[in-house]
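**Q** got a structure for you, letters missing:
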């Protein structure tokens with residue numbers, strides 16, 4: 001994600017240089033640790049955390065586990081990954097619910113940290129899990145804070161308790177206490193209290209937050225912190241921990257261009273786990289925080305598990321089975337293609353999803369150039385077709401294509417390209433549905449069935465050099481071996497090939513215009 005972009009680049013480059021060495025000396029380890037220290041300090045990670053982290057990495061890197069490893073460089077990367085998971089909190093921590101509802105969740109933090117927006121995100125997330133959350137407006141100081149929470153609650157489809165108009169009017173402690181009582185009467189099983197913030201830490205802010213906590217006895221107190229505030233995150237977190245205390249942390253604005261020091265500092269400094277990460281402005285742009293997955297993203301190892309979870313939540317299993325049946329019987333149409341695109345859009349930003357693939361840190365420019373509006377343009381073209389045209393594109397003659405182009409605001413060339421790409425994609429998917437190996441233009445065969453590799457291996461072996469000169473034959477065979485060697489992720493972990501520029505270009509063509 002964008003917040004860790006610079007740090008990820010620095011660490012990836014450091015480990016890429018390390019891979020070139022077959023055996024690591026103490027000088028190599030010290031040099032690597034020095035580069036890691038500089039990268040962390042440049043990312044605004046707190047100095048005590050940097051010292052502890054680099055000391056642990058150096059001690060383990062000079063130990064027997066690296067000396068005995070078949071690939072010492074990869075072992076050092078694994079050590080850094082393990083230590084990153086440690087400073088990010090170690091194990092994932094979920095919300096703790098009360099034995100007797102309602103569960104009271106109090107949000108605290110500075111003004112502008114994203115508390116109100118996160119309240120709506122949390123309510124929507126909990127509703128998907130079958131809960132009935134109630135938002136309580138206790139920020140009665142900031143202008144229009146109550147109105148903002150009402151708008152957020154309406155967008156999230158959540159109930160709200162807001163008896164006071166705010167703008168300096170009303171007692172927030174009384175509203176919080178009455179809100180919990182109201183939730184009990186109305187049988188809401190979760191109460192989310194949105195409290196006031198300040199531009200900076202002061203005695204009035206802490207007193208009000210402490211009074212609300214005393215009055216409501218919350219089961220969770222979540223400290224919402226802006227991931228973009230850098231080194232000051234440590235001081236702010238300590239102040240809230242001393243003044244109010246909190247049970248967990250929420251990182252907001254992780255989609256920004258900050259250096260990410262807050263995320264790598266707050267859990268280690270406060271000893272409180274990070275529970276949620278907010279990754280955008282939309283109410284769906286929030287996810288449970290997994291320290292191991294975040295460490296993998298920072299090290300450009302990808303986050304396949306989160307990608308799978310998002311796909312499972314967005315795609316309907318019955319529809320997926322129906323599509324598979326249509327592919328197998330060669331009845332997959334543009335109408336089905338439109339439905340699949342709509343389901344993909346439910347997963348969120350394509351750039352974010354592609355960014356979760358291993359090795360994508362080396363293709364940032366290609367990701368930036370990926371135009372997500374092409375999906376909307378493709379959808380507009382298909383929607384401009386009649387039902388018969390979607391089900392049978394072969395009837396699309398010149399006049400029909402001209403009508404579709406005008407209806408979608410595109411050109412006839414765009415319509416022609418879409419039909420051609422759909423034909424290619426349909427052929428590929430039919431091949432996959434039958435258990436075959438598809439050939440993507442410019443990429444060749446993708447994947448393969450078990451047992452099919454031996455023949456290809458023999459064919460590749462037969463293509464070795466037949467030169468009569470032994471030195472020339474050895475050099476040419478070495479070149480063939482190097483060209484066919486399997487590639488890994490950013491610096492050799494994971495064993496997954498990073499998507500090439502051709503892959504991204506082809507994906508762009510399939511989803512939009514070429």
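**A** Arrived safely, thanks for sending. Note that this is a predicted model, so its numbers are computed, not measured.

**Q** so what's residue 383 up against?
**A** By Cβ atoms under 8 Å, 6 or more residues apart in numbering, residue 383 lies in contact with 338, 408. For the C-beta atoms, the positions are set from N, CA and C on the backbone; glycine is no exception.

**Q** how close does it get to residue 397?
**A** 19 Å (Cβ to Cβ, to the nearest Å).

**Q** cool, and residue 413?
**A** 16 Å.

**Q** Those two - which one has more neighbours?
**A** With neighbours defined as other Cβ atoms under 10 Å, residue 413 and residue 397 compare such that residue 413 has more, 12 against 8.

**Q** in what helix or strand does the more buried one lie?
**A** helix 412-433 (DSSP states H and E).

**Q** Residue 192 now?
**A** strand 190-195.

**Q** what mean pLDDT would you report for that strand?
**A** Per-region confidence: strand 190-195 scores 94 on mean pLDDT.

**Q** which strands and helices sit next to the helix or strand following it?
**A** Per DSSP H and E, the first helix or strand lying C-terminal to strand 190-195 is helix 203-216. In terms of contacts (3 or more Cβ pairs under 8 Å, 6 or more residues apart in numbering; DSSP states H and E), helix 203-216 is packed against strand 103-108, helix 172-186, strand 190-195, helix 232-243.

**Q** If you compare the directions of the strand holding residue 192 and strand 103-108, what angle comes out?
**A** Going by axes from the mean of the first three to the mean of the last three Cα atoms, to 10 degrees, strand 190-195 is angled at 20 degrees with respect to strand 103-108.

**Q** so strand 190-195 versus helix 172-186, what angle?
**A** For strand 190-195 against helix 172-186, the angle by the same axes, to 10 degrees is 170 degrees.

**Q** in strand 190-195, what counts as buried?
**A** Buried residues in strand 190-195, defined by neighbour count with 16 or more other Cβ atoms under 10 Å: 190, 191, 192, 193, 194, 195.

**Q** what about residue 141, which SS state?
**A** Of the three states, residue 141 takes coil under DSSP: H, G, I helix; E, B strand; the rest coil.

**Q** quick one: contacts for it?
**A** Going by Cβ under 8 Å, 6+ apart, the list of residues near residue 141 reads 166, 168, 172, 196.

**Q** now with 7 Å?
**A** Counting by Cβ atoms under 7 Å, 6 or more residues apart in numbering, residue 141 makes contact with 168, 196.

**Q** Residue 199 contacts residue 113, correct?
**A** No - taking contacts as Cβ atoms under 7 Å, residue 199 lies outside contact range of residue 113: 10.7 Å.

**Q** ok so, going back, which other helices and strands does the strand holding residue 192 contact?
**A** Strand 190-195 is packed against strand 103-108, helix 115-128, strand 133-138, helix 172-186, helix 203-216, with contacts defined by 3 or more Cβ pairs under 7 Å, 6 or more residues apart in numbering; DSSP states H and E.

**Q** Pick the most buried one from the helices and strands packed on helix 203-216.
**A** Stretch with highest mean neighbour count among the helices and strands packed on helix 203-216: strand 190-195 (a mean of 28; mean count of other Cβ atoms under 10 Å).

**Q** circling back to that earlier point, need the helices and strands packed on helix 203-216 in a markdown table with distance to residue 379, can you?
**A** Shown next, in a markdown table, are those (distance: least, Cβ to Cβ, whole Å):
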| stretch | distance to residue 379 |
| --- | --- |
| strand 103-108 | 37 |
| helix 172-186 | 41 |
| strand 190-195 | 35 |
| helix 232-243 | 41 |
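
**Q** Strand partners (parallel or antiparallel) of the strand holding residue 192?
**A** Strand pairing for strand 190-195, using DSSP bridges, gives strand 103-108 (parallel), strand 133-138 (parallel).

**Q** between those, which one is nearest to residue 180?
**A** Residue 180 sits nearest to strand 103-108 of all those, at 6.0 Å, using Cβ to Cβ.

**Q** Between helix 203-216 and that closest one, find me the angle.
**A** Put simply, strand 103-108 runs at 180 degrees to helix 203-216, going by the same axes, to 10 degrees.

**Q** List of residues touching strand 103-108?
**A** Strand 103-108 is contacted by residues 97, 115, 118-119, 180, 189-195, 209, 212-213, 216-224, 240, 244, 246 when judged by Cβ under 7 Å, 6+ apart.

**Q** coming back round to it: compare the helices and strands packed on strand 190-195 and give me the one nearest residue 61.
**A** helix 115-128 (38.3 Å).

**Q** Pull out the buried residues from that closest one.
**A** For helix 115-128, the neighbour count (16+ other Cβ under 10 Å) marks 115, 116, 117, 118, 119, 120, 121, 122, 123, 124, 125, 126 as buried.

**Q** Quick check: the gap between residue 214 and residue 47.
**A** If you go by Cβ to Cβ, the gap between residue 214 and residue 47 works out to 35 Å.

**Q** same question, residue 56
**A** The value you get for residue 56 to residue 47, if Cβ to Cβ is used, is 15 Å.

**Q** Likewise for residue 215?
**A** Distance of residue 215 to residue 47, given as Cβ to Cβ: 38 Å.

**Q** Look at the two and report which has more neighbours.
**A** Each of residue 215 and residue 47 has its neighbours counted (other Cβ under 10 Å); residue 215 has more, 17 against 13.

**Q** Report the separation between the more buried one and residue 171.
**A** Using Cβ to Cβ, we find residue 215 at a distance of 10 Å from residue 171.

**Q** next one: residue 29
**A** Residue 29 is 59 Å from residue 171, where distance means Cβ to Cβ.

**Q** How about residue 101?
**A** Using Cβ to Cβ, we find residue 101 at a distance of 25 Å from residue 171.

**Q** Helix, strand, or coil at residue 280?
**A** Look at residue 280: counting by three-state DSSP, its state is coil.

**Q** and it, backbone torsions?
**A** Backbone torsions for residue 280, taken as degrees, to the nearest 10, come to phi 180, psi -180.

**Q** Tell me how many other residues surround the closest residue to residue 159 other than its chain neighbours.
**A** Setting aside the residues directly before and after it, residue 159 is nearest to residue 134 in space (Cβ to Cβ, 6 or more residues apart in numbering), at 5.0 Å. Residues lying near residue 134 (other Cβ under 10 Å) number 24.

**Q** Identify the bridge partners of residue 134.
**A** Beta-bridge partners for residue 134, by DSSP bridges, are residue 159, residue 191.

**Q** just to revisit the earlier point, who wins for proximity to residue 12 among the strands paired with strand 190-195?
**A** strand 103-108 (35.2 Å).
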